[in-house]
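Trainee: need a structure here:
(chains A and B)
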There are 2 protein chains.
Amino acid sequence: MSFAKLLTPASVAVIGASTNPDKAGYAVLNNIITGNFPGPVYPVNPKADEILGKKCYKSLAEIPGEVDCAVIVVKRDQVVPVLKEAIDKGIKAVIVITAGFAETGEEGKKLQREISQIARQAGVTLLGPNCLGLINPVHRFNASFGQAMDDAGHIAFVSQSGALITAIQDIAANNRIGFSLLVSMGNKAALDEVQFLENLRNDDNTRVITAYLEDISRGQDFMRVAERLGKQKPLVILKSGRTQAGARAASSHTGSLAGADAAYDSAFERTGVIRAESIEHLFDVASALAYQPLPAGDRMAIVTNAGGPGIMMSDALELAGLKVAKIDEETSTKLLQILNAAASVHNPVDVLGDANGETYGKAIDILLASDSIDGLVVILTPQKMTDDVGTANEIVRVSKKYKKPVLACFMGANIIAKGVSILRENRIPQYPIPERAAKTMNEMVSYARYKARQLRVVERFAVNRNPVIKILRSYRYRNMFEIGEFDAKAVMKAYNFDVPRGMLATTAGEAVRFANEVGYPLAMKISSPDILHKSDVGGVRIGLASAGAVEDAFELMMLRIKRRMPEAEIRGMLLEKMAMGGKEVILGMKRDPQFGPMLMFGLGGIFVEVLKDVTFSLAPVTAEECLSMIQSVKTYKLLKGVRGEKPVDIDAIVLNLQRMSQLVMDFPEIEEIDINPLKVGQEGDGAVVVDARIILTKELGQ
Amino acid sequence: MSFAKLLTPASVAVIGASTNPDKAGYAVLNNIITGNFPGPVYPVNPKADEILGKKCYKSLAEIPGEVDCAVIVVKRDQVVPVLKEAIDKGIKAVIVITAGFAETGEEGKKLQREISQIARQAGVTLLGPNCLGLINPVHRFNASFGQAMDDAGHIAFVSQSGALITAIQDIAANNRIGFSLLVSMGNKAALDEVQFLENLRNDDNTRVITAYLEDISRGQDFMRVAERLGKQKPLVILKSGRTQAGARAASSHTGSLAGADAAYDSAFERTGVIRAESIEHLFDVASALAYQPLPAGDRMAIVTNAGGPGIMMSDALELAGLKVAKIDEETSTKLLQILNAAASVHNPVDVLGDANGETYGKAIDILLASDSIDGLVVILTPQKMTDDVGTANEIVRVSKKYKKPVLACFMGANIIAKGVSILRENRIPQYPIPERAAKTMNEMVSYARYKARQLRVVERFAVNRNPVIKILRSYRYRNMFEIGEFDAKAVMKAYNFDVPRGMLATTAGEAVRFANEVGYPLAMKISSPDILHKSDVGGVRIGLASAGAVEDAFELMMLRIKRRMPEAEIRGMLLEKMAMGGKEVILGMKRDPQFGPMLMFGLGGIFVEVLKDVTFSLAPVTAEECLSMIQSVKTYKLLKGVRGEKPVDIDAIVLNLQRMSQLVMDFPEIEEIDINPLKVGQEGDGAVVVDARIILTKELGQ
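Mentor: I've put the predicted structure just below:
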């Protein structure tokens, strides 16, 4: 794979270059030439001698020099032969613009598999097919049929939609976003988002990576790469298809099936990915991250020349999750000295309607110098005396003196256009309404926190894998996929979960002997591969407090079950010492098709069933992540104890989640686990698996 | 009061008109003249003979003709004398631009009270002081020191911030929002939002009223007016100061204390007010409501020329609360006939990147004609063959044929600018990202539902007011403001709440006789004005099941309470027949300073205390509103019964909320009520007040 030859080729050929300005084959060539590509450009078209002033070649083979990158814009049926020619020519990077592949049905899918296989075998980097192409403004390489080149900057945009790129180029030109790369991935036959992330990680021109994605097919690879990337530079993603309607639209558009949106949320949170809510939000955040320093904390100051917008900004900052900083006395005193007596030197600092650029500049300088402030938003409304240009210049000048983020919110349009354009030229992020600035500032604070976080360390426990291997194998051997309570608990025990002391008794005598040995009270549950819902058939008795009660229960249950379900294979009765007291919680795991095992936590009973108060996290998890799962349920306070109760053993839940994480990472054939309930005692008393069940996948080979 | 003379005067005088272009007195006069005001304009300034080509008068008295409206732009200390002159001249509408009043401190407050009193006594309509002025583009009356006149349209904007008006004028000019009125209320010394709503209700030029507010001081008047208004035309409000930081900023800016944000939410919901989240959102929604028909339902169709934005729009519509319509067979078939084979005829309808205006037009026509669609969003991304102008023209042409809302989402900037400007000229709302269009459509659907709702009818029950009057009077007479359980229950009983049969026993013998008469089990609670938290001092015993138990409890409690709190005045023991079974809920009321009595509902115990799962509604409430309060708690399902339980008597809770509503409307001296718990039986079994307390206001006169 040669990413350099794709992104920064020394020479490029356009196969299917056209003399017809309506064709993509013309547009691509034209974009490369008018974009001032710094190397030889070779149009290839058997029917032309010259296109756009360049000598045209009949075939790739005819080209005299070396070619780093080939852009293929031929008819669909010509793509395979042309690709082979390119390989023969020794070309290492290929962009297939041509459409008509996987997006069109079975035949197209087959053809797409063919080209990706050919490319892989030849070690060729392949972008597309069915894409708009690639634009690298830094290298002056516009191999797309989109718009003319953008001004170079430090934001990379990787898109699963080509049409979006044109729209964004158009918007970016006005807003001076500044790109280091724009790439349309098309059908992702070979190159996908994971490879772009991997390769842009060390690209010095790229400070922020942004992406529009409709699916992430290699979820676990994505997480591995994104996690490492996120510590170096921020990643902002707009992932569509988050609702049912959106997912339906996506799957009819791309043919791909996206996983659960909760899995994307968990994966993004894990890896510090900022999830954008819209294209606007995506670039709002990216511009700030690319061109402003990260804040050291969440205490924000506001400077404004009007009261109303200052209130709006206060609301917006607090709603976004930030603090409207309390301004220290020293700073207030300094502000008093430079401002009109009617001005407010509290936060928001109101410099009043007649403030000019100089006044703004001084106020900003004083605020940024204060240790009680981590970042600043500057509001300007166009009033009689307002000096948008002077204010913009002062913001640019003063903000450079400090390593704190400064965002601007100039409200208006034509009257403030000059000031706004000064801000944009100087890469001061500018937002037309307070809410967008506030939200952006919050994303910056969150990313700064993520970046400062310790690298995750997933703890591994010493466990006994053998019993698990044996149990799982025995089920798969019998083509059974549901592991009931008794064996599920044996699996749990091997991974050091606390399970109640128990035995499988086949006679009443055995049951009584066990009962006398472990003590009372006991629970008795029917054990049968044919009975899944034990309670429904009267197969559960609890609180058995004496030898007599155990004997009676055993015989009655046997009698009745045999009467009700004569066909059921009864293995015996599971007898267990009952765990007394404690609170019931539920631990679960279900595998997401893209991201793998997703752990679940919630409080038992109505809290899960009625209130759906559960949290998710992708395995493997660290202890901190388990704790955060537990703390994130709304009912967390119930675990900490209310009305004078003592707190439960949170550490024990953490430990159990970690063990479950290890178990499902070790055994990919486990599709689902349900520990319901786990009974958690008071602090230090641990937690006991009261009931559990495991479901195995039917898809995995032996 | 003469609103007409303020909004559409036949003649206007500017007192304090200035020859200095830097002064507001110049700007106001200039705006009136250059705005082509259709009547005589009289500058007043003793030091000038002519300003801006108009003869200048030394004083108001000198003006020969009648003057309808006076704009006062003099120094603060001149405002009172000038106001008096205006009254002498017979002027009925006055705009005070001058600042330096309530916003500056005590002296300013006094002066402000003075001018509002003078105006009130003379029957003069007074706007301001400390305001930007008023702009009526329909009447060509720009009495402000803001920007030049806007193009006339059908949206009125009433603002508590003057600076915002200038910013909005600037934005509106680009977006062709179209105003029927822009008004800056300043300090609201006389005219406030309530009066503007009242007077704009029947203004035919105004289709939508929008407002930026920092407080609503006359909450109940506001609700009365807004409710009636909302059935005629929509009201969209941005109310700032919703967070603690925002409220602090607002109170330091305006000196007013806003009420609880939850009260605003409840008031807005009650009256169908659309609460805007930002200035952008305000005008996004207002433009659609002013210039598009209301949708009959929530089933939305999407037309797009690119897959990605179609997915985004599907997500956005569903997240906003709307349905991405299932397109009926007939419509799909028609679409198939006009679209390329690769197009998607499902929703989103993808007309593909090469669709021209005609194709768009046909698709839109077919979709709008379908009975399975209530509204439409049209997405356009700029691609090679895209025809933004043709598409915009077709949207304008076709949408006129139907009474369904059509919103546009042209994504991009310069390339699509011509198309966008055609949309704007023709008042097709245009949004740069799908999310804003989707949110707007949802507000339209919500407003259409509000408008279709039956007028609210608050039921009144026959009650016995006399015991309540007596009890409240006796407390106020003794200067006591906390009414404990016994008397609170007597109040409840008078309003037909179910209270347990009970008595206040002063001897053990009395207690036992009562117990034998009503039957067991009983609860016994200490009754003392000095003991608020009865349980904390051992003052509650429940489940007393026999005469002996009652006697023992009485004597022990008396003994111990006297030992622990020798100073406490003991009135006796409250004995009550216990209500068995049922679920505990809490009903409450607390008076909001702006909006009056706010009712509260929640499930008892941890649901209120830990999960804070409560809902609010302003009294008086209808039965439907009570039901909606109950249904809105997250734990509502618990009342409907889980795990085979029977549902509780929801109707009884509704009835009790209605009774509480009536009680607190009848007695404004009740500051707070707490019924905790109300025990609700199964359907048909009613609900019993187990404990209650009432707090009286200290502020009300006798």
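Trainee: Okay, and the most far-flung residue of chain A relative to its centre sits in which element?
Mentor: What lies farthest from the middle of chain A is A:G548; by C-alpha atoms, centre = their mean that is 57.8 Å. Using DSSP states H and E, A:G548 sits in helix A:547-564.
Trainee: Which positions in that helix come out as buried?
Mentor: Using 16 or more other C-beta atoms under 10 Å in any protein chain shown as the test for burial, helix A:547-564 gives A:A549, A:V550, A:E551, A:A553, A:F554, A:M557, A:M558, A:I561. From N, CA and C alone the C-beta is placed, and that goes for glycine too.
Trainee: Could you spell out the sheet neighbours of the helix or strand following it, each with its direction?
Mentor: Counting by DSSP H and E, the element after helix A:547-564 in chain order, helix or strand, is strand A:572-577. Counting by DSSP bridges, the strands paired with strand A:572-577 are strand A:502-505 (antiparallel), strand A:522-527 (antiparallel).
Trainee: Helix or strand: which one has A:A296?
Mentor: In the assignment (DSSP H and E), A:A296 maps to no helix and no strand.
Trainee: And for the one 5 residues further on?
Mentor: Using DSSP H and E, A:A301 sits within strand A:299-304.
Trainee: Now do A:A10: how many residues are near it, please.
Mentor: Using other C-beta atoms under 10 Å in any protein chain shown, the number of residues around A:A10 comes to 16.
Trainee: for the one 4 residues further on, same thing?
Mentor: Using other C-beta under 10 Å as the criterion, A:V14 is surrounded by 31 other residues.
Trainee: for the one helix or strand it maps to, the distance to its chain's centre please.
Mentor: A:V14 belongs to strand A:12-15 when assigned by DSSP H and E. In this view, strand A:12-15 has its centroid 36 Å away from the chain centroid, taken as C-alpha atoms, centre = their mean, to the nearest Å.
Trainee: strand partners of that strand, parallel vs antiparallel please.
Mentor: Using DSSP bridges, the strands paired with strand A:12-15 are strand A:41-44 (parallel), strand A:69-72 (parallel).
Trainee: Give me the contacts around that strand.
Mentor: Contact with strand A:12-15 is made by A:25, A:28-29, A:32, A:37, A:39-45, A:57, A:60, A:63, A:67-74, A:82, A:85-86, A:91, A:141, A:143, as judged by C-beta atoms under 8 Å, 6 or more residues apart in numbering or on different chains.
Trainee: Tell me the helix or strand right after it.
Mentor: helix A:24-34.
Trainee: Quick check: residues of the stretch 151-300 of chain A near chain B?
Mentor: The interface of the stretch 151-300 of chain A toward chain B, taken as C-beta under 8 Å from any C-beta of the partner chain, is made up of A:159-164, A:166-167, A:170-171, A:173-174, A:212, A:214, A:238, A:240-246, A:248-250, A:252-254, A:277-280.
Trainee: try the stretch 551-700 of chain A
Mentor: Proximity of the stretch 551-700 of chain A to chain B, by C-beta under 8 Å from any C-beta, involves residues A:I606, A:E609, A:V610, A:L611, A:K634, A:T635, A:K637, A:L638, A:V642, A:R643.
Trainee: For A:A623, what are phi and psi?
Mentor: phi -60, psi -40 (degrees, to the nearest 10).
Trainee: For the nearest residue to A:E510 once chain neighbours are set aside, list the residues it contacts.
Mentor: Leaving aside its chain neighbours, A:E510 sits nearest to A:M503 (7.4 Å; criterion: C-beta to C-beta, 6 or more residues apart in numbering or on different chains). By C-beta under 8 Å, 6+ apart, the contact list for A:M503 reads A:E510, A:F514, A:L574, A:L575.
Trainee: surely the third one meets A:F486?
Mentor: Yes: A contact is recorded between A:L574 and A:F486 when judged using C-beta atoms under 8 Å, the distance being 5.4 Å.
Trainee: Between these two, tell me which one has more neighbours.
Mentor: It is A:L574, of A:L574 and A:F486, that has more neighbours when counted by other C-beta under 10 Å, with 23 against 19.
Trainee: Bridging across strands, which residues link to the more buried one?
Mentor: Applying DSSP bridges to A:L574 yields these beta-bridge partners: A:L504, A:K525.
Trainee: And the strands in the stretch 501-650 of chain A?
Mentor: With strands called from DSSP state E, counting those that start in this stretch, the stretch 501-650 of chain A shows them at A:502-505, A:522-527, A:540-544, A:572-577, A:583-592, A:596-603, A:614-618.
Trainee: Quickly note the distance from the residue nearest to A:E510 to chain B.
Mentor: According to C-beta to the nearest C-beta, to the nearest Å, A:M503 stands 31 Å off from chain B.
Trainee: on that earlier part again, biggest separation within the buried residues of helix A:547-564, which pair?
Mentor: Pairwise distances across the buried residues of helix A:547-564 (C-beta to C-beta) peak at 17.8 Å, for the pair A:A549 and A:I561.
Trainee: gap between the residue nearest to the spatial centre of chain A and chain B?
Mentor: Chain A has A:F268 as the residue nearest its centroid, 2.1 Å off, counting by C-alpha atoms, centre = their mean. As judged by C-beta to the nearest C-beta, A:F268 and chain B stand 16 Å apart.
Trainee: which residues are in contact with stretch A:530-547?
Mentor: With contacts defined as C-beta under 8 Å, 6+ apart, stretch A:530-547 is touched by A:482, A:484-485, A:512, A:515-516, A:520-526, A:528, A:550, A:553, A:557, A:560-561, A:564-565, A:567-569, A:578.
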